[in-house]
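Asks: Predicted model, plus sequence, below.
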Amino acid sequence: MNEEISPKKIRMKKGIYILPNLFTTASLFCGFYSIIASFKEHFVPASIAILFSIVFDGLDGRIARLTNTTSKFGAEYDSLADVIAFGVAPSLLAYCWAMSIYGKWGWLVAFLFVLCGALRLARYNIQIGLIESTVFNGLPIPAAASVVATTVIFFSSDYVGVEGKFHNIFILVFVIILSLLMISNIKYYSFKDMKLLVRKPFTIFFLLIVSSIIIVAEPELMFFVLMLGYALSGPIWWLVKISLKERQEAKEEKNNIKM
């Protein structure tokens, strides 16, 4: 005999988990605030809002897993929020800050960033469980957004001293490269196999403390270097692998000739 499902149980199934989705909403809010700030030419606050959005985006998934509150709704909501916070917000930031002077090429490149970011998210969602979790296939969209944000902050700091808009075709090319890296098959380290809750050598702990001190002392420079370094790590890793493969093939061919 089939058990009758009460209306209360049906309502519970139709509900959503509050806590992780609050963090997703906070991430979306920061992305929306960044868009408004970019339109008002408040470029540094717009960049900082994107970085806060990245923090909230990283927390929502972890909290959902820790509290066993993962859901299909949460995953879909997170992806939609990511398109706004890490696709639209940084593209408009780059457009308003440096690319508007180039007319249609400026907004087309901004759209390219949004398009590639959306494609990157869609590909990531269907590849979950199909590729190894230790790497990302293509530059993650939050990383691409952080590169744009930290670039604006760095150029607006005392190191460069840009005030207001920055008209340079380098930024146009830079955004195109970031867009193509997102939809590429270049592998990026995901940091998912880092076990921070297990015992580590004292040296690693000491280096983390020293690195944190340096970041606190020079945040504009260090965040820019770290984010740009991560964006470059994929192509460098790819080139190194190709070089090692060619050397191995050349070595094997040399051994075969000797035989």
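Replies: Sure thing, it's come through. Numbering: from 1, shown residues only.

Asks: in the helix ranked longest in the chain, what counts as buried?
Replies: Among the segments of the chain that qualify as a helix by DSSP state H, the longest is helix 219-258. Going by neighbour count (16 or more other C-beta atoms under 10 Å), the buried part of helix 219-258 is 220, 221, 222, 223, 224, 227, 228, 230, 231, 233, 234. Yep, even glycine has a C-beta here, placed from its N, CA and C like the rest.

Asks: One more: stretch 151-170?
Replies: 151, 152, 153, 154, 155, 156, 157, 162, 166.

Asks: next structured bit after the strand or helix carrying the second one?
Replies: Secondary-structure assignment from DSSP states H and E places residue 152 in helix 141-156. Following helix 141-156 in sequence order, the next helix or strand is helix 169-183 (DSSP H and E).

Asks: ok, and the closest non-adjacent residue to residue 78?
Replies: Closest residue to residue 78 apart from its sequence neighbours, by C-beta to C-beta, 6 or more residues apart in numbering: residue 24 at 5.2 Å.

Asks: Any idea how far the one helix or strand the one you found maps to is from the middle of the chain?
Replies: Per DSSP H and E, residue 24 falls inside helix 18-39. Put simply, helix 18-39 sits 15 Å off its chain's centre (C-alpha atoms, centre = their mean, to the nearest Å).

Asks: Show me what it is packed against.
Replies: Counting by 3 or more C-beta pairs under 8 Å, 6 or more residues apart in numbering; DSSP states H and E, the packing neighbours recorded for helix 18-39 are helix 43-66, helix 72-82, helix 89-94.

Asks: what's the distance between residue 80 and residue 114?
Replies: 13 Å (C-beta to C-beta, to the nearest Å).

Asks: my bad, should have said residue 216
Replies: For residue 216, the distance to residue 114 (C-beta to C-beta) stands at 33 Å.

Asks: Quick one: mean pLDDT for the longest helix of the chain?
Replies: Mean pLDDT, helix 219-258: 87.

Asks: helices or strands up against that helix?
Replies: helix 141-156, helix 169-183, strand 187-189, helix 202-217.

Asks: tell me the most buried of those?
Replies: helix 141-156 (a mean of 25; mean count of other C-beta atoms under 10 Å).

Asks: Could you export it as PDB, CA atoms only?
Replies: In PDB, the C-alpha atoms belonging to helix 141-156 read as follows (Å, rounded to 0.1, in the frame of the first residue of the first chain):
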ATOM      1  CA  ILE A 141      35.300  32.900 -14.700                       C
ATOM      2  CA  PRO A 142      35.900  34.100 -11.100                       C
ATOM      3  CA  ALA A 143      39.600  34.100 -11.700                       C
ATOM      4  CA  ALA A 144      39.200  36.100 -15.000                       C
ATOM      5  CA  ALA A 145      37.000  38.600 -13.100                       C
ATOM      6  CA  SER A 146      39.500  38.900 -10.400                       C
ATOM      7  CA  VAL A 147      42.300  39.700 -12.900                       C
ATOM      8  CA  VAL A 148      40.200  42.500 -14.300                       C
ATOM      9  CA  ALA A 149      39.400  43.800 -10.900                       C
ATOM     10  CA  THR A 150      42.900  43.700  -9.500                       C
ATOM     11  CA  THR A 151      44.300  45.300 -12.700                       C
ATOM     12  CA  VAL A 152      42.000  48.300 -12.200                       C
ATOM     13  CA  ILE A 153      43.000  48.500  -8.500                       C
ATOM     14  CA  PHE A 154      46.700  48.200  -9.300                       C
ATOM     15  CA  PHE A 155      46.700  50.800 -12.000                       C
ATOM     16  CA  SER A 156      44.700  53.200  -9.800                       C
END
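
Asks: Run the chain-centre distance for that helix.
Replies: 10 Å.

Asks: so what secondary structure elements neighbour that helix?
Replies: For helix 141-156, the packing partners by 3+ C-beta pairs under 8 Å, 6+ apart come out as helix 43-66, helix 89-94, helix 104-127, helix 169-183, helix 219-258.
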